[in-house]
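1. Sequence below, structure please.
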Amino acid sequence: MKFDATIIGGGLAGLICGIKLGEAGLRCAIVSRGQSALHFSSGSLDLLSHLADGTPISDIETGLCELASRSPEHPYAQLGTAAVLNYADETEALLARAGLTLQGHWRYAHSRLTPLGLWRTAWLSQQDAPCAPLTGKRIRVVGIAGFLDFEPLMVAEGLKQQNIDADTAELALPVLDVLRQNPSEFRSVNIARMLDDPRYTQQLLQELTALASGYDALLLPAVVGLEQPGLPAQLQQALPCALHFIPTLPPSVPGMRMYNALARYFRKCGGIIMDGDAVTSVTHDTSGLHQVWTRNHGDIPLKARHVVLASGSFFSNGLVAERQRVREAIFDLDLHDYAAGGDWSHPDFFHSQPWQSIGVKTNAQLQPARHGEVVAGLYAIGTVLGGFDPISQGCGGGVCAITALHAAQQIITTGSRL
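-> Reported below is the predicted structural model:
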């Protein structure tokens, strides 16, 4: 099997890279172990909220320039401010073509509500996500009887501490009794699969209408719209007040909704996703082709001119921590310098953790090296990269999208196709 590019990893970075290549007419395959970090995400993307020392960023363009001088190893610093902002615009357009209706723009960062009732800076959020401001409105936080992955009292208390009028209520929804019989099955994804069934829409709407009287907005756990993405908007149109959905503990319906839209569009662009497979090794022959060997294909390699490593960080096993060192799992690529003695964590759990910045080191074209030598035809993107803390700096989703588009552009520019 021959491809112009083979992408290792089917998360946000891998899918966006594959879509751009597919739209350019290149034949691509994604090899994916299965569920990516998108399945556990909020469904919102961040671009950059803080510098490495914790300084908050109010203006993204100014912040990127400051980042370049303070954190030269950050992927954004390698690409440059102008390129990052151009790719941010391109990301917004690409996500729209994939059928995702999102709120936000890189020029105007907004705040989205978390399951703790706190606000987090975001670049793009799904249309039904609760975003600031809610001040001056009467809010009802609605839980589901027996559902333990969302705590309405916690959300309401967080809002009250911000002087927002909020109380709680509960949906009964007898249709969910079959799930309540087994707590391990009473999860957001299974609830969504039931509530997305048109037979139960009227029952859900009746209960929501009864709870909506006298309120400006209802906040619910994100348990609808997985297989019927238009259902949240349908419910909103029928209610007398605003309706918003807050992501729950993983697995996440908004994150899965984003994955489904991107995967569907990637296939529409001619791409192939090899789910439930894993790359075991990659070799390089004299003709300049990579041979990608996978668990499921045995002795039949995937041949490609280019390989994109989008395998993720420790969560996705793209990086592996051993007793004395960290290594990249497939190629054993060179990593950014880190404390090899094992001082990889900070005693304060909420402090930026040093291990978060460990990852693959690349040049400005996102080409990694092994033992100091650049690996021809190989690119690294997303959270497998080092030099940044995706959580404390609020840039995980942005780094995935921006580096994915940059690597794809390098491949397209070479003009080399099979």
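2. Can you tell me who Val141 pairs with across the strands?
-> Beta bridges link Val141 to Thr168, Leu219, judged by DSSP bridges.
3. Quick one: neighbours of it, just the number.
-> 29 (other CB atoms under 10 Å). All C-beta spots, glycine's among them, are computed from the backbone N, C-alpha and C.
4. same deal with Ala109?
-> Counted with other CB under 10 Å, the neighbours of Ala109 add up to 21.
5. where's it relative to Asp46, distance?
-> 9 Å (CB to CB, to the nearest Å).
6. Now do the shared contacts for those two.
-> Contact with both Ala109 and Asp46 is made by residues Thr121, Ala122, Trp123, according to CB atoms under 8 Å, 6 or more residues apart in numbering.
7. Redo those as CSV? Include pLDDT.
-> What follows is the shared contacts of Ala109 and Asp46, written out as CSV (pLDDT from 0 to 100):
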residue, pLDDT
Thr121, 93
Ala122, 95
Trp123, 97
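8. Who wins on neighbours among the residues you listed?
-> Neighbour counts for the shared contacts of Ala109 and Asp46 peak at Trp123, which has 26 neighbours (criterion: other CB under 10 Å).
9. So that residue sits against Ser42, correct?
-> No: with contact defined as CB atoms under 8 Å, Trp123 does not reach Ser42; the gap is 11.9 Å.
10. which residues are common contacts for those two?
-> Going by CB under 8 Å, 6+ apart, no residue sits against Trp123 while also sitting against Ser42.
11. measure Cys28 to Gln365 for me?
-> 19 Å.
12. Mind checking which of those two has more residues around it?
-> Neighbour totals were compared for Cys28 and Gln365, and Cys28 leads with 28 against 14 (other CB under 10 Å).
13. so what's that one bridging to?
-> Assessed by DSSP bridges, Cys28 has beta-bridge partners Ala5.
14. can you pull the contacts of it?
-> Phe3, Asp4, Ala5, Thr6, Ile7, Gly18, Leu21, Gly22, Phe266, Gly270, Gly271, Ile272.
15. Let's have the residues you listed in a markdown table, adding distance to Ala310 and pLDDT.
-> Converted to a markdown table, those look like this (distance: CB to CB, whole Å; pLDDT from 0 to 100):
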| residue | distance to Ala310 | pLDDT |
| --- | --- | --- |
| Phe3 | 15 | 95 |
| Asp4 | 16 | 96 |
| Ala5 | 11 | 97 |
| Thr6 | 11 | 98 |
| Ile7 | 6 | 98 |
| Gly18 | 9 | 98 |
| Leu21 | 12 | 98 |
| Gly22 | 15 | 98 |
| Phe266 | 12 | 98 |
| Gly270 | 18 | 97 |
| Gly271 | 13 | 98 |
| Ile272 | 15 | 97 |
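16. Tell me which of those fall in helices.
-> Members of the contacts of Cys28 lying in helices (criterion: DSSP state H): Gly18, Leu21, Gly22, Phe266.
17. So which of those wins on neighbours?
-> Busiest of the ones in helices among the contacts of Cys28 [other CB under 10 Å] is Gly18, holding 32 neighbours.
18. For Phe331, see how far away that one is.
-> As defined by CB to CB, Gly18 lies at a distance of 19 Å from Phe331.
19. Asp46 now?
-> Distance, Asp46 to Phe331, by CB to CB: 28 Å.
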